[in-house]
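*Asks:* Sequence plus predicted model, see below.
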Amino acid sequence: MFFLFTLGGDQDVPVENYKRHYRLRHPVVADNCDRLRHLIRTEGIASVAVFAGDGTCVLNQPGVGQDAAAFTAVIDAEVAKIKGPNRRKEAFVDGGTVYPPPVKAQGRIVRQRMPAVAAGPEGEVWMAFVSDEAGSDDVLVIPPGRAGGKPIPVADSPRAECAPAIAATGKGEALVVWAGEDEKGRYDLYAATVAAGKAGKPRRITKSPDDAMAPALAAAGGDVWLAWYEWRQMDGLSRDREVFVAHGSGGSFGDPVQVSPREVPTYEDHADPAVAADGKGGAFVAWAWDYHGTLPGKPPVDENSIFVRHVGRDGGTGPVLAAGFRGEGRARDYFPSIALDKGGLPFVGWDNSHKASGGDKAVFVNRLAGEDFGVQTEVAVNAGPLCSPRVLADAEGAVHAVWGAQGPDGWAVWTRRLSPGDASPPVRLKIAAKVPRYPAPVFDSEGRLWLATVDAGEREWKVRLEKAD
């Protein structure tokens, strides 16, 4: 059994983007608690770790590169050396996961993944997701009032489509943006409008020099904002990533604005953006930055951290603000989320695996105070993996955190009210999903909390959209 490890939390979308960009046919597994990077060297862009059936690491080879044939040759050579009961002769690979031979006889596992939700001004709630039921990853949408019904296909070509983002634009319409593969195998962003039970024709909205991925959408006051990142080629390996944002109106988007600063080295990655429209024509963008202290006037953060920048409707950008972990020692922050309170001030939440007060993982939140962010607050901590932390505002402008966590009795989804004040204890949400992964929450216009999750069963992964109690 073998895995390729990436660093970036236990989130589904960032890991999938990594796998697709490097055209990897092998399993790509995130390090849930950021433990394995201390055991397995991760020098170079990609490393191969081969494990025997008993979990023993029999190979650790860093810097193999992005060529699929090179990966295959290394893995085949090492697996051939494994003798006795530790060797699996007929391991079955499906959806980026290796299974033992008995799964092969049971047939293909169908997966619905990557749910995204949006609420409209009239109480309507939309959900977009990805399904591989047709043989390739396709983007589908469940419109308001059709929960449990047949979804609308938005992007269902034989090529791969993934990582949808959705925004409710009013009048019974929604805008969906996703990363899609073109006829040459390159990924760019595509968009389509869904209305009256049908999806419009997909239109290409980026033409990146390498790959464009990780779209994020936000809508407020008639404004729609799209954020994403693009890869840049470096010395034969695409390491550099830059974050962009664009303002939308009438179903189209204006010129992209680079949010990640240009005055820092190109070897520093910028990825996984989140965006919140400010209701005044502009937007706040949060992203994860592989930071090396290179920004003039060094912010009080270390290593991989979370940064925020305001963008005006005219494309003007404000100062780069650091929201991530503050304190002594190392800190690695991943997967930011952003929401504005009733005063229009941004709250930023993220996944951190180094600074939990107890346990392995933590969710931190920071709020803009004055001209910069203050000291972060640890709002959740867990002895095992955490999943997809999000911050969001309810109908009255109070901000809440939602996250998934694996406990002694399995996975559950939790919430905590953050504003005003920070006195509310965490509450476990009552939902129908038995194994709820990758939660995507939204409040509707009447203040009800809706939750989309991936119910990750053994035979199928199925997305659920339900009101949470």
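*Replies:* That came through, no problem. Note that the coordinates shown come from a computational prediction; the quantities given were computed from them, not determined experimentally.
*Asks:* from here on, contacts and neighbour counts on C-alpha atoms
*Replies:* Fine.
*Asks:* where are the low-confidence patches of this structure?
*Replies:* Within the chain, the ranges that satisfy pLDDT under 70 run 1-10, 25-109, 146-148, 236-237, 329-330.
*Asks:* what domains does the record give for it?
*Replies:* For the chain, automatic domain parsing gives the domain ranges 2-105, 234-428.
*Asks:* Can you give me the buried ones in stretch 363-373?
*Replies:* By 16 or more other Cα atoms under 10 Å, the buried positions in stretch 363-373 come out as Val363, Phe364, Val365, Asn366, Arg367, Leu368, Phe373.
*Asks:* any idea which helix or strand carries the second one?
*Replies:* Element membership for Phe364 (DSSP states H and E) is strand 361-369.
*Asks:* Given that strand, what are its sheet partners and their directions?
*Replies:* strand 346-352 (antiparallel), strand 372-373 (antiparallel), strand 377-382 (antiparallel) (DSSP bridges).
*Asks:* And Ile306, how close does it get to Ala323?
*Replies:* 6 Å (Cα to Cα, to the nearest Å).
*Asks:* Then Asp341?
*Replies:* Asp341 is 16 Å from Ala323, by Cα to Cα.
*Asks:* In terms of neighbours, single out the busier of these two.
*Replies:* Shown here are Asp341 and Ala323; by other Cα atoms under 10 Å, Ala323 has more neighbours (30 against 21).
*Asks:* coming back round to it: return the member of the buried residues of stretch 363-373 nearest to Ala398.
*Replies:* Arg367 (12.7 Å; Cα to Cα).
*Asks:* May I have the residues that are in contact with the closest one?
*Replies:* Arg367 makes contact with Ala323, Leu345, Pro346, Phe347, Val348, Phe373, Gly374, Gln376 under the criterion Cα atoms under 8 Å, 6 or more residues apart in numbering.
*Asks:* Repeat that for Pro319.
*Replies:* By Cα under 8 Å, 6+ apart, the neighbours of Pro319 are Arg309, His310.
*Asks:* Let's see that with 10 Å instead.
*Replies:* For Pro319, the contact set (Cα atoms under 10 Å, 6 or more residues apart in numbering) comprises Pro261, Val308, Arg309, His310, Val311, Glu371, Asp372.
*Asks:* Which residue, other than its chain neighbours, is closest to the fifth one?
*Replies:* Of all residues not flanking Val311 in the chain, Thr317 sits nearest, at 4.6 Å (Cα to Cα, 6 or more residues apart in numbering).
*Asks:* Would you agree the one you found is in contact with Arg262?
*Replies:* No: counting by Cα atoms under 10 Å, Thr317 sits too far from Arg262 to count as a contact (12.0 Å).
*Asks:* of those two, who's got more company?
*Replies:* Thr317 (18 against 10).
*Asks:* the helices in the stretch 101-250 of the chain, which residues?
*Replies:* Assigned by DSSP state H, counting those that start in this stretch, the helices in the stretch 101-250 of the chain fall at 102-105.
*Asks:* which residue ranges form the strands in it?
*Replies:* 110-119, 125-131, 138-142, 152-155, 161-170, 173-181, 187-195, 198-199, 203-204, 212-220, 223-234, 237-249 (DSSP state E, counting those that start in this stretch).
*Asks:* and stretch 275-286, C-alpha only, in PDB?
*Replies:* Output in PDB follows, covering the C-alpha atoms of stretch 275-286 (Å, rounded to 0.1, in the frame of the first residue of the first chain):
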ATOM      1  CA  VAL A 275     -13.800  36.000  -0.100                       C
ATOM      2  CA  ALA A 276     -16.500  38.100   1.500                       C
ATOM      3  CA  ALA A 277     -18.300  40.900  -0.200                       C
ATOM      4  CA  ASP A 278     -18.400  44.000   2.000                       C
ATOM      5  CA  GLY A 279     -21.800  45.300   0.700                       C
ATOM      6  CA  LYS A 280     -20.200  48.600  -0.300                       C
ATOM      7  CA  GLY A 281     -18.900  47.400  -3.700                       C
ATOM      8  CA  GLY A 282     -15.600  45.900  -2.400                       C
ATOM      9  CA  ALA A 283     -14.500  42.600  -0.900                       C
ATOM     10  CA  PHE A 284     -12.100  41.100   1.700                       C
ATOM     11  CA  VAL A 285     -10.000  38.200   0.600                       C
ATOM     12  CA  ALA A 286      -8.200  35.800   3.000                       C
END
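*Asks:* Report the buried residues of that stretch.
*Replies:* Residues Val275, Ala276, Ala277, Asp278, Gly281, Gly282, Ala283, Phe284, Val285, Ala286 are the ones in stretch 275-286 that count as buried (16+ other Cα under 10 Å).
*Asks:* so the last one is in which element?
*Replies:* Which is Ala286. Per DSSP H and E: strand 283-290 holds Ala286.
*Asks:* Equivalent analysis for the fifth one, please.
*Replies:* With elements taken from DSSP H and E, nothing contains Gly281; it lies in neither a helix nor a strand.
*Asks:* Would you agree it is in contact with Gly221?
*Replies:* Yes: Gly281 is within contact range of Gly221, at 7.8 Å (criterion: Cα under 10 Å).
*Asks:* Mutual contacts of the two, please.
*Replies:* With Cα under 10 Å, 6+ apart, Gly281 and Gly221 have no common neighbours.
*Asks:* got the contact list for Ala433?
*Replies:* 411-413, 452-457, 462-466.
*Asks:* just the buried members of those?
*Replies:* Of the contacts of Ala433, these count as buried by 16+ other Cα under 10 Å: 411-413, 452-456, 462-466.
*Asks:* farthest pair in the contacts of Arg367?
*Replies:* Leu345 and Gln376 (14.8 Å).
*Asks:* Of these two, which one has the most company?
*Replies:* Neighbours were counted for Leu345 and for Gln376 using other Cα under 10 Å; Gln376 has more, 18 against 15.
*Asks:* returning to that earlier point: now secondary structure and distance to Gly254 too, for the contacts of Ala433, in TSV please.
*Replies:* Below are the contacts of Ala433 laid out as TSV (DSSP: H, G, I helix; E, B strand; the rest coil; distance: Cα to Cα, whole Å):
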residue	secondary structure	distance to Gly254
Trp411	strand	41
Ala412	strand	40
Val413	strand	37
Ala452	strand	30
Thr453	strand	32
Val454	strand	33
Asp455	strand	37
Ala456	strand	38
Gly457	coil	42
Lys462	strand	36
Val463	strand	33
Arg464	strand	34
Leu465	strand	32
Glu466	strand	35
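*Asks:* which among the residues you listed gets closest to Ala216?
*Replies:* Ala452 (16.3 Å).
*Asks:* Skipping its backbone neighbours, what lies nearest the closest one in space?
*Replies:* Leu465 (4.4 Å).
*Asks:* Secondary structure of Gly447: a strand, I assume?
*Replies:* No: under DSSP: H, G, I helix; E, B strand; the rest coil, Gly447 sits outside any strand and is assigned coil.
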